[in-house]
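> Have a look at this prediction, sequence included:
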Amino acid sequence: MSYTGSKPLTEVCRRVLASGELPDNGGDRPQLVLTVDYDGLAQRTGSGLLDNGATLTPETVRRIACDAQVIPAVLGGDGQLLDLGRTRRLINGALRRALVLRDRGCAFPGCDRPPRWCQGHHIRHWADGGPTDLDNAVLLCGHHHRVVHQDDWQVRLGHDRRPEFIPPSYVDAARLPRRNTFHLRP
Ligand SMILES: [Zn+2]
Ligand SMILES: [Zn+2]
């Protein structure tokens, strides 16, 4: 990739290889390196380039960059590492445990997936200035993580600071918030 003077920063999202950094969501150890222009990520227009040469759509880039397993590294135009972004953008450690205690599984209405199937989702994407804390995070399985990024469902925390989902008008014309009560069963 080439860098211009107006876009000196490039966001390199690197899947963590050290198993100690990975949240408990099962499956293979990811080995993906994603390079995307930071401005394109923030403006939802940037496609991504994988290290095997494949390109990704802007929606997929934002979902992967949202994923708890990604460490984004901000590089300067000279290739020097400026910020590894670990503590600010990763939903892991104590935050992951608090999220599991609150949501107990995928928080999408009706989903029965347990925490080990789930990823942390930033309700407001970190590329848009969203913080990495409990009030900006929700636990979602891989399928519903894609749904939330690709479809018109909106996520928010209710008055009790628990997640609720507002369906698009083609699902519910009144757009009444829905919650997942599956994981609250005794
Ligand atoms: Zn997400
Ligand atoms: Zn789900």
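Arrived safely. Numbers count the residues shown, from 1 in each chain. Ligands and ions are numbered 1, 2, ... in the order given.
> From now on I want contacts and neighbour counts done on CA atoms only, so please keep to that.
OK.
> Can you name the residues of this protein sitting close to ligand 1?
63, 66, 121 (Cα under 5 Å from the ion).
> where's the dip in pLDDT among the residues you listed?
Among the residues of the chain next to ligand 1, C66 carries the lowest pLDDT, at 75.
> Now the residues of the chain next to ligand 1 in CSV, please, with extra columns for secondary structure and distance to D128.
Formatted as CSV, these follow (DSSP: H, G, I helix; E, B strand; the rest coil; distance: Cα to Cα, whole Å):
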residue, secondary structure, distance to D128
R63, helix, 13
C66, helix, 11
H121, strand, 13
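> Can you tell me which of these lies closest to G110?
H121 (17.6 Å; Cα to Cα).
> Pipe the residues of the chain next to ligand 1 into CSV and attach distance to P114 per row.
Formatted as CSV, these follow (distance: Cα to Cα, whole Å):
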residue, distance to P114
R63, 20
C66, 19
H121, 15
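> Save those as a markdown table, and put in neighbour count too.
Shown next, in a markdown table, are these (neighbours: other Cα atoms under 10 Å):
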| residue | neighbour count |
| --- | --- |
| R63 | 19 |
| C66 | 27 |
| H121 | 27 |
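> Report the beta-bridge partners for the nearest residue to C106 once chain neighbours are set aside.
Nearest residue to C106, sequence neighbours excluded (Cα to Cα, 6 or more residues apart in numbering): L140, at 4.3 Å. In this structure, L140 bridges to Q119 when assessed by DSSP bridges.
> which parts of the longest helix along the chain are buried?
Secondary structure of the chain per DSSP state H: the longest helix is helix 93-103. For helix 93-103, burial by neighbour count (16 or more other Cα atoms under 10 Å) applies to 95-96, 99-100, 102-103.
> Check which helices and strands it sits against.
Counting contacts by 3 or more Cα pairs under 8 Å, 6 or more residues apart in numbering; DSSP states H and E, helix 93-103 packs against strand 137-141.
> one more time with 10 Å
Identification of packing neighbours for helix 93-103 by 3 or more Cα pairs under 10 Å, 6 or more residues apart in numbering; DSSP states H and E yields strand 118-122, strand 137-141.
> SS state for R124?
Under DSSP: H, G, I helix; E, B strand; the rest coil, R124 falls in the coil class.
> so where's this protein shaky on pLDDT?
1-40, 46, 49-52, 67-89, 186 (pLDDT under 70).
> any chance you could map the helices in it?
Using DSSP H, the helices of the chain run over residues 38-42, 58-66, 86-89, 93-103, 142-150.
> among those helices, which is nearest R185?
helix 93-103 (12.2 Å).
> relative to strand 137-141, how tilted is the closest one?
Using axes from the mean of the first three to the mean of the last three Cα atoms, to 10 degrees, the inter-axis angle of helix 93-103 relative to strand 137-141 is 70 degrees.
> end to end, how far does stretch 139-157 reach?
With Cα to Cα, to the nearest Å as the measure, stretch 139-157 spans 12 Å from end to end.
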